[in-house]
Structure formats: structure tokens, C-alpha cells
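A.B. asks: Provided below for reference: sequence and predicted model.
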Amino acid sequence: MAAAPGALEDAELREAQRDYLDFLDDEEDQGIYQSKVRDVINDSQCRLIVNINDLRRKNEKRANRLLSNAFEELVAFQRALKDFVASIDATYAKQYEEFYIGLEGSFGSKHVTPRTLTSCFLGCMVCVEGIVTKCSLVRPKIVRSVHYCPATKKTIERRYTDMTTLEAFPSSSVYPTKDEENNPLETEFGLSVYKDHQTITIQEMPEKAPAGQLPRSVDVVLDDDLVDKVKPGDRIQVIGTYRCLPGKKGGYTSGTFRTILIACHVKQMSKEIRPLYSASDVAKIKRFSKSRSKDIFDQLSRSLAPSIHGHEYIKKAILCMLLGGVEKVLENGTRIRGDINILLIGDPSVAKSQLLRYVLATAPRAIATTGRGSSGVGLTAAVTTDQETGERRLEAGAMVLADRGVVCIDEFDKMSDIDRTAIHEVMEQGRVTIAKAGIHARLNARCSVLAAANPVYGRYDQYKTPMENIGLQDSLLSRFDLLFIVLDQMDPEQDREISDHVLRMHRYRGPGEQDGDAMPLGSAVEILATDDPNVIQEEEQELQVYEKHDDLLHGPKRHKEKIVSMEFMRKYIHVAKMIKPVLTQESANYIAEEYSRLRSQDQMSSDVARTSPVTARTLETLIRLSTAHAKARMSKTIDLQDAEAAVELVQFAYFKKVLEREKKRKKQAEDDMETEEEEEPEDGERRKKRRKKARSADQEGKDGDSYDPYDFSDTEKDMPEVQAHTPKTPEPAETGGSKKTELADSRLKAFKAGLLEVFRAAHAQSVGLKSLMESINRDNSDPFSSAEVKMALEHMQNENQIMMSDDIIFLI
């Protein structure tokens, strides 16, 4: 006579329970899980993490059953754990309703993404990788209610289960208020048992989603100790059972049901994506950094986007952005960001968007958005309503998803002002604070911003200041470390080079491609972590440092130039980012001196306007850029050459020639000359000569300015020598003029450093000339003469660094 099905199931359940108990009671083997269970008891926890590889080694049949028939097997495993805990500590086992098993290890074909999680996995144990996009609030769920009847003096217990419970079928959710004899019941809330409950949504990684398809997502249910373990923007591995829930309505007619993942373990993945490199790759990277130690920064920047001609300074800035500075979190909680933000503004067709696309392909984690297609809450975070429960939930935006990465925003000028102000906090503080609909949350968004925009008028108007062309607020511009104005200028030689370069790029085919074949759209194989999500193994391939020489790629003029391959660039940047260089005293003094000069430069220069405000953030920009330059050299200290490279980048990006003022001055000078010509007709010939001379000088300045948008030369040389309405000052004698030019830059620099030391020692705002000369020449092997001191002081006064009055020097 055959046994009843129920009895058979119970026998199988008891057998599985015995097998799992034998696995946990491994005192005779190595005692690993016995010690783990004792740790769980000591830490007052109720979840034991089991590596499925250990179970597979000890009992392969049971491990396969656990993966394919998760519900029954997990129930038997958890009962075995409760029995084992009771055998060790009986009183502790009574404190919890049930104990839980969490799994980790290698899941083979059951290791999937939300896109590959299909119906064949229903009822199985799966491991899903993804990024958390939504989190619901944590709600209590009743497990057991206790009721007391005052009339009969009896207590009644009632258990509640739903489809997220493994053990039983769902029970009725009717709450008892009367017993069988209609006597009223009182609920004993202190004796009732509740557990926490939270629903999250995980979505496949943005960088792994196929182009042209929406990223897919799956809902995950977290219970008890797993709630509040993750927040939107976290990259996680979720191990759990995949289950189908009946729909509330329409399930009987449409046949569609909601599927969820009931989690038993959640594992955080690393924020940093590690490229796959071997020991030989690291050796090649070290050898490369030592062999090209002098020009390694230029070599790497030239290899960035080799298909784009020119833009040397912009490529250097993007390399600095990919390397980044050093983030500092002070003891009082203040965070000084290490991310570098860049804004490109310029005419159409100057390869702004192409530079953004290259960063998307090179950076390990990058998310692209456009100005018109993204809103403020879409970039930061939004509070949405859950369709299933009607609860409020938090949804992460693009900048939160790109934490520790790069956000590329194209058409930045097309965003509305309200949406642009939403990213102010992210760009400086590196976090998003939300206080809406009863939800107050703070999410990390430590990302670099690379934005591209067109000027206000579509094309750049050289007769207006940069501020009028840019049309953005100072509060936003000061958060960008570098702002580049890219102009489309008509230069026949430059146009010929660009056209030659573009034609060569169209003819160039990569290694291994046949002429005439269709270009591949990108077939990167998804690599899913199995054992440890932070360590990924792959077959070792030979790492090519340089691209193979090709006349179409390198061009006829660059026979000796080598281009670093993109794969080597990725790995080099990842290794260089691990270094945390430290400022030296020499570089710190140089940065401080250059910062003060930048602050006063826009006051000195009449025809040079700044593209963005020079604020205290500029000082942090100089430190970040010099840190990135030191990282490129694989140096542990920030030396003087790093600081000089950072100052050169800032000087290039911050100041822009304006042609409007020159034109006004020319017109004003001509009007004044005409009036003077009427007043003094006898000097007509001399006035005409002077006017002709002034006009030719202005014409020269205008011709020179039309091709060079940036000017680093001393603007005082370009100023008109004399204006018509001012009396001409007598020229100094030849000897005085020759003496003025004799003061070398090194002597002037030494004098400035000595002057600064004198003011520091005196702790005063003013110093007398006599005491200054005594102090500055006291321990000096090459003392300054009085003429040299006067020349140096006059030069510093012209630069608005000091002020002199009655032989008293005031420091500005």
C-alpha cells in the first residue's frame, strides 16, 4: 500500500532537516559553522550566512536541491538551524520566532541580472546583481497576535502568513474581535510579535544595459534584519527565492502575475569598478610611468580622444577630471570634494559632444544625460508613489546612480534655471538632501560633472564679455573648476589640418577589421561576480601599451608620436587614482602666491575679462588640479611642476580677450583728436601723424586679437602708449630705462618672497622702507640695492599687490 503524499513530503522534509543538521554540526570536520553559530548567538543575531560552495563540497545533492527547489529546502535548513541553536543555547532559541539562513558563494547559471531573470527561475534560489533605484518605507508586519477574553479568562493566539512567507500558505488577514461565544476580545500588544518589512526595486546597471533598450528592474522584499541595509544608488547582490504572486484583480482573466524576489542575503558591491588586470599589467604600468616621467602627462592627454584634432588644454583638463583630486573629510564632518567639474561653452561643431562621448567610453562609471531631457529631480532624487501599496518611496536620480563616477550633461544651456539650481548642492557637497512628503533623506552623489553648452546667442559674440555670452549664474559657475570657451575660428591653416584629420579618421579601421565591414556597435560581454563581488577573474590577455602605428591614425606629421591604447589608459588611470599625493611647502607657497595674483589680475587688465568668478573655490581648484597632475606622474608628493601645470590650466580657462573695449577706445581717441585738431590748427600735421600712428597700432591689435581668443601676455604692452586727451609724459632718460629692464625675474621673485617674510615676521599691515631694506638684506648673500628695491616696489604697486605712501609700504 502506497504512502500518503503528505506523509511522504514530511519524510522528505525530515530527511533534508537531518542532512542540514549534519552539515551545521561540523565539530569533527573543521568546526567552521559551529563557531559561526556561536558568533551569531554572541552577537544576538538570527541570521547565519552559509557559503553554498561548502555545502556543495559536503553534500552536492542537497546543494542542487536547494538551488532548484528553494522553498521546501530553505524551510528544512532553517528548522535545522533552530534545532542546532537550541542544542547549544536553549534559552536563546526561545527568544526568536525563527532563525534565518543567508547564502553566498557561486551560483552558476542562477547568477543573473534583472534582464536575464525569466520565468524558468520561478521557485529557484537566484543571485541578482543590480543598482537600487527605489526604496519604500520600513513598515511593521504582524506575525502572531495574542488576544485575552475577560469573560472566560482565556487567551487566544493567531498566526498570520502571506505569500512572502516560506513555510505556510497565506492565511486570512481578519483580525479576531470576538470568540466563538461572541465574547469581546482584548488584544495583548505586548505579547504579539511583529517583524519589519521593506520593498526595494533593483535595476540592471546603466553601463550594462543594451543601447536602445530600457533597463529592466525587479522588486525585492526584505524582512527583519535585512531592512535599511541599502539605499538608492547602492550597487548590490541579492540572493533569494524568485516567486510569483497572484494579482489583486484581473489575474484570472489576463494570466499576468507579479513576480518578486524574497531576499535571504544582501551583499554590497564596491563603489569602485575594478578593471581586470594581472601582475604583468601592473609591471607595465610602473615601467611606463618611470620611462616617460618627464612628459607622461602630455603623453596621456594626447592619447585622450585621438580622433579629435586640437583642444590640448581641454584634453589635459579631462585627464585631470578622470584622475581626480583627494577627497578630505574633516573631524567636524565637513567634506572637501576631490571631484573636478568642467564646463565647455562654445560654437556648434567644435567637438564638445564628442569629448563627452569619449569620457563615457573611458570612465569606469559614467552616466549621460541631456539638458532638455532631464529635470532637477531626475538628476538628484524624487519621491514617488508606489502603485501597489500607495506608499511614498524614494527614487534615485542620475547623479546618485553615478556615485564615484562621472555625469556627462550635454546641452546644459537648454535646462531651465529651476532644474539647474537643483544640482548646486551635488556639485559642491557631493550629496542630495530630500525633505518631501514626510521623507527626509540624504543620498551620496560624489560625482564629477562634465557639461557642454552653447552660448546665449547660439554662437560666441566676441564683442561681448564672457559673462554675457555664457548667461549662467556666478553661484553655478564658481562650482565648475574649469570653464573653457571653444571658438570656431576661420584660419585656413587650422581648417586644412582639421579636414585632413577628419578624412583620415573616416578611412581608419581598427586592428582586425576588414575594409567594408560594418562597424561593431559594442559587444561587451557581461561579467558577473561569483565569489567576491569586488574581485573579478578573467583570462589573462596581453596588454598593449601603444596603438599599432598606422598612417591614417597617427598622421604624416606624427611619425614619432605614440598613442596609448584605450585599455591601457583605463588601467593606468585606475592605478593612478589609488595614489594620494601630499602637498610640499614649495608648491603650497607657489599656489598661494598665484591665487592672490589671479584675484587681482582682472582689475589690472582692461581688455581681458574673466570667464568665471575667481573665488576661494579657485584655490581648491588649483590644489585639485595639481593633485591630479601628481597622480599622473605616480608621485606621492605634489611638486612645483604639478602646481605650475595647474596654474597654466586655470590661467588658460579663466581669462578671455574682449574686442569691444579696444573698439570703443579707438573711437574715443579719434573723437578727441578731431576736437584737438579744431582747437589747434597750427599743429595739424603733427596730430595727423599721431592719429595715423594710433590707428595703425589699433589695427595691429585688432588683427592679432581676431585669431587668438586667449591672451597670457602682459596686457600693459598692448595698451595705447598715450591717449589724445591726456598730456604726454616725458620719456625717461636712456640710463633709467636700461636700469629698469635690468631687474631679472629671479631677482623680482626673490624680492617678493623676502617681502612676504618681512610682513609675516612683523605681523603688521604696513612696514617702513628703511626697516624693509634692513630686514630683507640682513641674511642675504646677494643684497638688493636701493634702486632695485624701488624698481621692485614700483612693479608690485603696478600689479596692485602693495601700496606706497611716504616711504611706508602697505600690503594689499
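C.D. replies: That came through fine.
A.B. asks: going forward, measure contacts and count neighbours with C-alpha atoms only.
C.D. replies: OK.
A.B. asks: what are the boundaries of the strands in the stretch 401-550 of the chain?
C.D. replies: Under the criterion DSSP state E, counting those that start in this stretch, the stretch 401-550 of the chain contains strands at 406-410, 431-436, 439-444, 448-453, 482-486.
A.B. asks: what strands line up against the fourth one, and which way round?
C.D. replies: When pairs are called by DSSP bridges, strand 448-453 turns out to pair with strand 342-346 (parallel), strand 406-410 (parallel).
A.B. asks: dump the ones you listed to TSV, plus distance to Leu476 and mean neighbour count.
C.D. replies: Converted to TSV, the strands paired with strand 448-453 look like this (distance: least, Cα to Cα, whole Å; neighbours: other Cα atoms under 10 Å):
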stretch	distance to Leu476	mean neighbour count
strand 342-346	11	23
strand 406-410	14	25
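A.B. asks: return the distance of stretch 348-358 from the chain's centre.
C.D. replies: 19 Å (Cα atoms, centre = their mean, to the nearest Å).
A.B. asks: quick one: low-confidence ranges for the stretch 701-812 of the chain?
C.D. replies: 701-742 (pLDDT under 70).
A.B. asks: how about a cut-off of 50?
C.D. replies: Applying pLDDT under 50 to the stretch 701-812 of the chain picks out residues 701-741.
A.B. asks: again with the stretch 151-300 of the chain
C.D. replies: 250-251.
A.B. asks: which parts of it are helices?
C.D. replies: 251-254, 279-291, 296-303 (DSSP state H, counting those that start in this stretch).
A.B. asks: packed most tightly, which of those would that be?
C.D. replies: For the helices of the stretch 151-300 of the chain, average neighbour numbers computed from mean count of other Cα atoms under 10 Å are highest in helix 296-303, which has a mean of 20.
A.B. asks: following that one, which helix or strand shows up next?
C.D. replies: Following helix 296-303 in sequence order, the next helix or strand is helix 312-323 (DSSP states H and E).
A.B. asks: same for that next one, what does it pack against?
C.D. replies: Secondary-structure packing of helix 312-323 (3 or more Cα pairs under 8 Å, 6 or more residues apart in numbering; DSSP states H and E): helix 296-303, strand 342-346, helix 566-577, helix 616-632, helix 640-654.
A.B. asks: could the ones you listed go into a markdown table alongside distance to Arg597?
C.D. replies: As requested, those are exported to a markdown table (distance: least, Cα to Cα, whole Å):
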| stretch | distance to Arg597 |
| --- | --- |
| helix 296-303 | 26 |
| strand 342-346 | 22 |
| helix 566-577 | 30 |
| helix 616-632 | 11 |
| helix 640-654 | 11 |
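A.B. asks: follow-up on the earlier one: okay, the strands paired with strand 448-453 in JSON lines with mean pLDDT next?
C.D. replies: Converted to JSON lines, the strands paired with strand 448-453 look like this (pLDDT from 0 to 100):
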{"stretch": "strand 342-346", "mean pLDDT": "87"}
{"stretch": "strand 406-410", "mean pLDDT": "87"}
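A.B. asks: closest to Ser35 out of those?
C.D. replies: strand 406-410 (43.9 Å; Cα to Cα).
A.B. asks: dump the helices of the stretch 151-300 of the chain to a markdown table, plus distance to Met566.
C.D. replies: Shown next, in a markdown table, are those (distance: least, Cα to Cα, whole Å):
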| stretch | distance to Met566 |
| --- | --- |
| helix 251-254 | 50 |
| helix 279-291 | 13 |
| helix 296-303 | 8 |
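A.B. asks: doesn't Leu66 make contact with Leu74?
C.D. replies: Yes. Applying Cα atoms under 8 Å as the test, Leu74 and Leu66 come out as touching, 6.9 Å apart.
A.B. asks: more neighbours: those two, which one.
C.D. replies: Ranked by neighbour count (other Cα atoms under 10 Å), Leu74 and Leu66 place Leu74 first, with 25 against 21.
A.B. asks: who touches the helix or strand that that one is a member of?
C.D. replies: When elements are assigned from DSSP H and E, Leu74 belongs to helix 70-88. By Cα atoms under 8 Å, 6 or more residues apart in numbering, the surrounding residues in contact with helix 70-88 are 13-14, 16-18, 20-21, 24-25, 37, 65-66, 92-93, 98-101, 123-125, 166-167, 241.
A.B. asks: and after that helix, which helix or strand comes next?
C.D. replies: Next along from helix 70-88, by DSSP H and E: helix 90-93.
A.B. asks: and the residue sitting nearest the centre point of the chain, how far from Ile131?
C.D. replies: A centroid search over the chain (Cα atoms, centre = their mean) returns Cys447, at 2.0 Å, as the residue closest to the centre. When distance is defined by Cα to Cα, to the nearest Å, Cys447 is 16 Å away from Ile131.
A.B. asks: and Leu24, by the same measure?
C.D. replies: In terms of Cα to Cα, Leu24 sits 33 Å off from Ile131.
A.B. asks: ok, Tyr20 next?
C.D. replies: For Tyr20 relative to Ile131 (Cα to Cα), the value is 33 Å.
A.B. asks: likewise Pro613?
C.D. replies: Taking Cα to Cα, one finds Pro613 at 38 Å from Ile131.
A.B. asks: which of the two has more neighbours?
C.D. replies: Ile131 (22 against 17).
A.B. asks: quick check, the more buried one in a strand?
C.D. replies: Yes. Counting by DSSP: H, G, I helix; E, B strand; the rest coil, Ile131 falls inside a strand.
A.B. asks: give me the nearest residue to it, chain neighbours excluded.
C.D. replies: Arg235 (4.4 Å; Cα to Cα, 6 or more residues apart in numbering).
A.B. asks: tally of neighbours for the one you found?
C.D. replies: There are 23 residues near Arg235, going by other Cα under 10 Å.
A.B. asks: my understanding was that Asn341 contacts Gly430; is that so?
C.D. replies: No. Contact criterion Cα under 8 Å: Asn341 and Gly430 do not qualify, at 11.7 Å.
A.B. asks: quick one: the helices in the stretch 701-812 of the chain, in order.
C.D. replies: Taking DSSP H, counting those that start in this stretch as the criterion, the stretch 701-812 of the chain carries its helices at 715-718, 734-742, 745-762, 769-776, 786-798.
A.B. asks: got the contact list for the third one?
C.D. replies: By Cα under 8 Å, 6+ apart, the residues outside helix 745-762 that reach it are 765-767, 772, 775-776, 789, 792.
A.B. asks: pLDDT at Pro520, what is it?
C.D. replies: Model confidence at Pro520, expressed as pLDDT, equals 47.
A.B. asks: one more: Glu129?
C.D. replies: 90.
A.B. asks: number of residues surrounding Thr621?
C.D. replies: Neighbour tally, Thr621, other Cα under 10 Å: 24.
A.B. asks: what sits closest to it if chain neighbours are left out?
C.D. replies: That would be Asp481: by Cα to Cα, 6+ apart, it lies 5.5 Å from Thr621.
A.B. asks: what about that neighbour, distance to Ala451?
C.D. replies: From Asp481 over to Ala451 (counting by Cα to Cα), the distance is 12 Å.
A.B. asks: quick one: common contacting residues for the two?
C.D. replies: Residues touching both Asp481 and Ala451 (Cα under 8 Å, 6+ apart): Ile342.
A.B. asks: okay, now the domains of the chain?
C.D. replies: As given by automatic domain parsing, the domain ranges for the chain are 5-106, 113-268, 279-491+542-654, 730-812.
A.B. asks: redo those domains as CSV? Include distance to Ser499.
C.D. replies: Compiled in CSV, the domains of the chain are given as follows (distance: least, Cα to Cα, whole Å):
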stretch, distance to Ser499
domain 5-106, 53
domain 113-268, 30
domain 279-491+542-654, 9
domain 730-812, 42
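A.B. asks: which residues in the stretch 1-150 of the chain form strands?
C.D. replies: According to DSSP E, counting those that start in this stretch, the strands that the stretch 1-150 of the chain contains are 47-51, 100-104, 111-112, 125-136, 139-149.
A.B. asks: quick one: closest of these to Cys264.
C.D. replies: Comparing the strands of the stretch 1-150 of the chain against Cys264 with Cα to Cα, the closest turns out to be strand 100-104 (4.9 Å).
A.B. asks: how far does the closest one sit from its chain's centre?
C.D. replies: 34 Å.
A.B. asks: give me the contact list for that strand.
C.D. replies: Against strand 100-104 from outside (Cα under 8 Å, 6+ apart): 46-52, 74, 77-78, 81, 239, 264-265, 531.
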